[in-house]
Every structure is written in C-alpha cells, then in structure tokens.
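> Okay, here's the prediction I keep looking at, along with the sequence it came from:
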Amino acid sequence: MDKRMLVFVVSDSIGETAERVARAAASQFREQAFEFRRVPYAVSSDSLDEVLTEAASCHSLIVHTLVRPELREYLNQGAAARGIPCVDIMGPTLEAISRVSKHEPRLQPGLVHQLDEEYYREIEAVEFAVKYDDGRDPRGLLRADVVFIGVSRSSKTPLSMYLAHRGYRAANVPLVPEISPPEELFMLPPERIIGLTISKEQLKHIREERLKVLGLQPNADYASDQRIEEELDYAKQIMDRLGCRVIDVTQRAVEETASQVMQILAEYGRR
C-alpha cells in the first residue's frame, strides 16, 4: 500500500462540501490510505500560508472551495509555486455558471450551509404537520406557527402541508359539534389561529364526491344540508369565541389561500 496521503480540505466556510467531494473521490482508490485535515474559515493569506507550508513538507494534496476570488488565486498560485497538487472545486464552477447565466456570483461564503439549514427546517415542518394533522395530538398546538381550524373538507390538511414545505410548523383541528375543541386551542393567541370557512354548496359537493370515492351513498348524513349547516354554524361559534382571523376558501386554490395565510403570519412576525 502507498504511504498515507494527507488531504488538506480548505474552505472560507465550514468546509463540509469540499470534504464530501474529496472523500467521495478518495473512495475510488482502495490501494491508497488517506488522512483528511479540514481547514475551515480560511479567510486570510496567513492561514493559507500555514496550509501551504505544511503541505509542501509531506505527501499531500489540497482541495478547496474558497469563494473569494483573491483567496482562491492566492492558494492556487502558492500551491503551483511549491509543486503541490491543488484542486479548485468552486472557482471553475462559479465561472461557468456566471458565463452561462450572465449573472455575477454573490461571493458570500457559507450559503450552502444556510440552504442546508432551510432544507432541514422544511423537513422538520413536514414531519410536524403529519404528526399534528387532524387534531391527533393537541400538545403540538402550542408549538405550531399556525393552527388551522374548520369543518371536515375545508382544506385544513392541504394548507398545513403546503405551508410545511415552506418551513412553517402547521397543525390543524377539525371542528365537530359532538367533540369539544382541545383546551390547548384556547391557550393560543388569536393571531396564531386561522379559521377556514366554505360555502354550504361547495362543501356539499366536496363531501358527496368524497363519499363516492369511499364507495358510500352520496345522500349520507355527512353530506346532508342539515348536517352541513349544523357544522358550519358550530364552527363559526368557535371561531368567534377564539377571535381568530377567518378565511373563506370557497372556490380558492390552496396556493391562493396559503399566500394570504403567509401574509397574515408575516404581520405578526411568525416568519
């Protein structure tokens, strides 16, 4: 086996991207042993000089994702002068994207890490929406950014999932005359609750279609005029009691309603 190769992973951020690429490439060489040494937040020529000095004294390779042009040039030239193999991952990619898109890069280190944080926040929000859908666990209401309330088939779940994919922790509670709303709902400030209402006619149509899908008769009590009126009246009483904002979702796409909800949440600093 060849002697161990020291791979310096240099970045002006945390260096995670550069190390992943380097390790992925190294995995193709079973006969070679590697040691990876990450050098994060390399934001000065002094820190790069230290890397160059050590790399020149051993069997080594430099891999970097420096965003700032002056640092990339300094490290590339310094490595070339010392005969150190140096792989610039970020530079050629930035130049190619800039050339094709006709836009200049922001040249701000750490943006990938910020995007990762947004991604994980979205995943957490989706898991939250699934866990606290349809009033399954009222304890989650206190942790939600927004709680939707309304009768069955008033778009509560689709809205919760739509907002979850934008990083909002959304829960929802069905309002049914025979079941009292959870106590946690009345512990929330009104601005974190959104009531959803819908016309009797559209709700009747939606419920009849739902019954057909389930293989049931469309004239079941679930879609009867009397039952729908009873539920809508009860839901209005609860919304009035809570003092929350109410949105009429009749003939509205989920995206349209979600946009209005996000505007409301922005008013109260929930994003």
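Yep, it's here.
> what's near enough to touch the residue nearest to residue 138 when sequence neighbours are not counted?
If you skip the residues right next to it in sequence, residue 138 has residue 182 as its closest partner in space, 3.5 Å away by Cβ to Cβ, 6 or more residues apart in numbering. (Glycine included, C-beta is placed from N, CA and C.) Contacts of residue 182 were listed using Cβ atoms under 8 Å, 6 or more residues apart in numbering, and they are 135, 138, 141, 173.
> how near is residue 182 to residue 142?
In this structure, residue 182 and residue 142 are separated by 10 Å, where distance is defined by Cβ to Cβ, to the nearest Å.
> those helices in the stretch 1-150 of the chain, which residues are they?
In the stretch 1-150 of the chain, the helices defined using DSSP state H, counting those that start in this stretch lie at 16-26, 45-56, 69-82, 90-101, 111-131.
> same for the second one, what does it pack against?
Counting by 3 or more Cβ pairs under 8 Å, 6 or more residues apart in numbering; DSSP states H and E, the packing neighbours recorded for helix 45-56 are strand 2-10, strand 60-64, helix 69-82.
> now the shortest one
Under the contact criterion of 3+ Cβ pairs under 8 Å, 6+ apart, helix 16-26 touches strand 2-10, strand 32-39, strand 60-64, helix 111-131.
> what residues does that helix touch?
Residues external to helix 16-26 that are found in contact with it (Cβ under 8 Å, 6+ apart): 7, 9-11, 32, 34, 36, 38, 63-65, 87, 89, 112-113.
> Kindly present the helices of the stretch 1-150 of the chain as CSV, with separate columns for mean neighbour count, mean pLDDT and distance to residue 231.
Output for the helices of the stretch 1-150 of the chain, formatted as CSV (neighbours: other Cβ atoms under 10 Å; pLDDT from 0 to 100; distance: least, Cβ to Cβ, whole Å):
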stretch, mean neighbour count, mean pLDDT, distance to residue 231
helix 16-26, 17, 90, 51
helix 45-56, 16, 94, 66
helix 69-82, 16, 94, 63
helix 90-101, 12, 89, 52
helix 111-131, 14, 78, 23
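> and the nearest residue to residue 207 once chain neighbours are set aside, how many residues sit next to it?
Closest residue in space to residue 207, ignoring its immediate chain neighbours: residue 223 at 3.9 Å, by Cβ to Cβ, 6+ apart. One way to gauge burial is a neighbour count; for residue 223, by other Cβ atoms under 10 Å, it gives 22.
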